[in-house]
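>>> build me a model from this:
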Amino acid sequence: MTWLYLLKERYEVSGVIKLFHYEIKTQFSTSICVLRTDNALKYMKNDVSLFCSKNGIIHQTSCSHTSQQNGVAERKHRQILNVGRTMMIHMHVPKYLWDDAVLSACHLINRMSSVFYGKILFSCLYPGKSIFSAPPRVFGCTYFVQDLSPVLDKLSPRSIKCVFIRYSRTQKGYRCYSPSIRKYFYDS
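Prediction:
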């Protein structure tokens, strides 16, 4: 199972590590035993080291200039980017929606059966939960969102033409983007 967090700035790393730790503790009633990172200075801040030591987490780092020590992470990173790039190219989605493509790719990869495990890992981690909270859609397809604006007259269109770009993590629905009005929508 892969969890993906997009960061705008490097200083957000420590906050995301803490949020991820609490999510794992709440959702799976277990703790993170080992946090393995590269040797980047963004992970070496005192607050991350202090958080790890307070929670009994062993913080391991790879040696400098040895990307081969991060093999699993590097391969997963490449797989997510390849799937996201392929979806964008195939459906002619503009590059500025790359973040949604990458998050959609991660969502779909988590729900595919694994040769290594012989089954869908999502089902193992979340038994009894449906693999898709909403029916799957094709990334980049046309999607019409109902327009509930009170200013519409009787003959005005009742929907907005959008592009499906992502599954929502917090809602039972989809994230869509309207290129004509440059606005995001959530719809079920």
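>>> worst-scoring helix or strand of this structure, pLDDT-wise?
Ranking every helix and strand in the chain by mean pLDDT, DSSP states H and E puts helix 121-125 at the bottom, with a mean of 67.
>>> C-terminal to that one, what's the next element?
Once helix 121-125 ends, the next helix or strand along the chain (criterion: DSSP states H and E) is strand 142-146.
>>> run the chain-centre distance for that next one.
Distance, stretch centre to chain centre, for strand 142-146: 22 Å (C-alpha atoms, centre = their mean, to the nearest Å).
>>> who does that strand touch, helix- and strand-wise?
Secondary-structure packing of strand 142-146 (3 or more C-beta pairs under 8 Å, 6 or more residues apart in numbering; DSSP states H and E): strand 159-167, strand 174-178, strand 183-187. All C-beta spots, glycine's among them, are computed from the backbone N, C-alpha and C.
>>> now the strand or helix carrying Ala101 against strand 159-167, angle please.
Taking DSSP H and E as the definition, Ala101 sits inside helix 98-110. On the basis of axes from the mean of the first three to the mean of the last three C-alpha atoms, to 10 degrees, helix 98-110 is oriented at 60 degrees to strand 159-167.
>>> export helix 98-110 as PDB, just CAs?
Provided in PDB are the C-alpha atoms of helix 98-110 (Å, rounded to 0.1, in the frame of the first residue of the first chain):
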ATOM      1  CA  TRP A  98       0.100  16.700 -13.000                       C
ATOM      2  CA  ASP A  99      -0.600  16.500  -9.200                       C
ATOM      3  CA  ASP A 100      -4.100  15.100  -9.800                       C
ATOM      4  CA  ALA A 101      -2.800  12.600 -12.300                       C
ATOM      5  CA  VAL A 102      -0.100  11.400  -9.800                       C
ATOM      6  CA  LEU A 103      -2.700  11.100  -7.000                       C
ATOM      7  CA  SER A 104      -5.100   9.200  -9.300                       C
ATOM      8  CA  ALA A 105      -2.300   6.900 -10.400                       C
ATOM      9  CA  CYS A 106      -1.500   6.100  -6.700                       C
ATOM     10  CA  HIS A 107      -5.100   5.500  -6.000                       C
ATOM     11  CA  LEU A 108      -5.500   3.100  -8.900                       C
ATOM     12  CA  ILE A 109      -2.200   1.300  -8.200                       C
ATOM     13  CA  ASN A 110      -3.300   0.700  -4.600                       C
END
